[in-house]
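Colleague: starting from these lines, generate the structure:
(one chain, ligands or ions: 1)
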Amino acid sequence: MLIGPRDDTRELEQLQSDVMDVTQAMLALPIRLPRTRFYRGLQARKRIMDALRQEISTRRENGLKLDHRDDFLQTLLLKSHMDSPEEALTDEQILDNILTLIIAGQVTTATAITWMVKYLGDNTDLQEKLRSVQLDLASKHNDAPLTLQHLNTMDYAYKTVKESLRMATIVSWFPRVALKDCQVAGN
Ligand code: HEM
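Modeller: The predicted structure is shown next:
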């Protein structure tokens, strides 16, 4: 878990809606005019960062080591607390890492899974094959929890994910600013 659990439902709903606005702004034309998708995303990003700053200062006030939350924010805070000043992450770096993971890791993965479930629902023969391959793998390991090593052997599941991503491109384009001139195919 990145930051959690959250008790305040209103705060959580605001965060979810802000994450959606930032995600949509990433694929919008970068026009900083009020009411554009891009501008709404920038405002939402600022609200998320403010909420995270507030969360960090509350955790520090309560005493970092007394707070037994087991989430990624706490891990980064504790690590930077123990590192030497030159190695420690700044608060802004911690915030950037959390925001990158919220945006890059969550919406993409959730959307990919949703499409994969839809395609498997449309192709029940493939769904059956995937289920039997996965059940086989689990029974070979006496139904013990699978690890990263097992993940690397899941060829059929890997191909299923890849094919779903090919069918439903989640990040169809991504704006980049070229910092220096470069040649593409001789031009
Ligand atoms: C199905 C799931 C995912 C898809 C389709 C996806 C897709 C992408 C794409 C298209 C890019 C931009 C590449 C580029 O042109 O530079 C990207 C960048 C990135 N992704 Fe993912 N991603 C997924 C999951 C994740 C997850 C789970 C994480 C982290 C936990 C992650 C972290 C990142 C990061 C850190 C970047 C670089 C951002 C930057 O350049 O600022 N992604 N991803």
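Colleague: distance of the closest residue in space to residue 19 that isn't next to it in sequence relative to residue 137?
Modeller: Leaving aside its sequence neighbours, residue 19 sits nearest to residue 102 (C-beta to C-beta, 6 or more residues apart in numbering; 5.9 Å). Where you see a C-beta, it was placed from the backbone N, CA and C, and this is true even at glycine. Shown here: residue 102 relative to residue 137, a distance of 31 Å by C-beta to C-beta, to the nearest Å.
Colleague: with just CA atoms, put stretch 54-70 into CSV.
Modeller: The C-alpha coordinates for stretch 54-70 follow below in CSV (Å, rounded to 0.1, in the frame of the first residue of the first chain):
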residue,chain,number,x,y,z
GLN,A,54,0.0,17.4,5.4
GLU,A,55,0.2,13.7,5.9
ILE,A,56,4.0,13.8,6.3
SER,A,57,3.8,16.5,8.8
THR,A,58,1.1,14.7,10.8
ARG,A,59,3.2,11.5,10.9
ARG,A,60,6.2,13.5,12.0
GLU,A,61,4.3,15.2,14.8
ASN,A,62,3.0,11.9,16.0
GLY,A,63,6.5,10.5,16.0
LEU,A,64,7.6,8.5,13.0
LYS,A,65,8.8,5.4,15.0
LEU,A,66,5.6,5.3,17.1
ASP,A,67,3.5,5.1,14.0
HIS,A,68,3.3,1.5,13.0
ARG,A,69,1.8,2.0,9.6
ASP,A,70,3.2,-0.4,7.0
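Colleague: quick one: buried residues of it?
Modeller: By 16 or more other C-beta atoms under 10 Å, the buried positions in stretch 54-70 come out as 55, 56, 59, 64.
Colleague: per-residue pLDDT, the first one?
Modeller: The reference is to residue 55. With respect to pLDDT, residue 55 has a value of 90.
Colleague: contact partners for the residue nearest to it when sequence neighbours are not counted?
Modeller: In space, and not counting its chain neighbours, residue 55 is closest to residue 3: 6.4 Å by C-beta to C-beta, 6+ apart. Applying C-beta atoms under 8 Å, 6 or more residues apart in numbering to residue 3 gives the contacts 52, 55, 71, 72, 73, 98.
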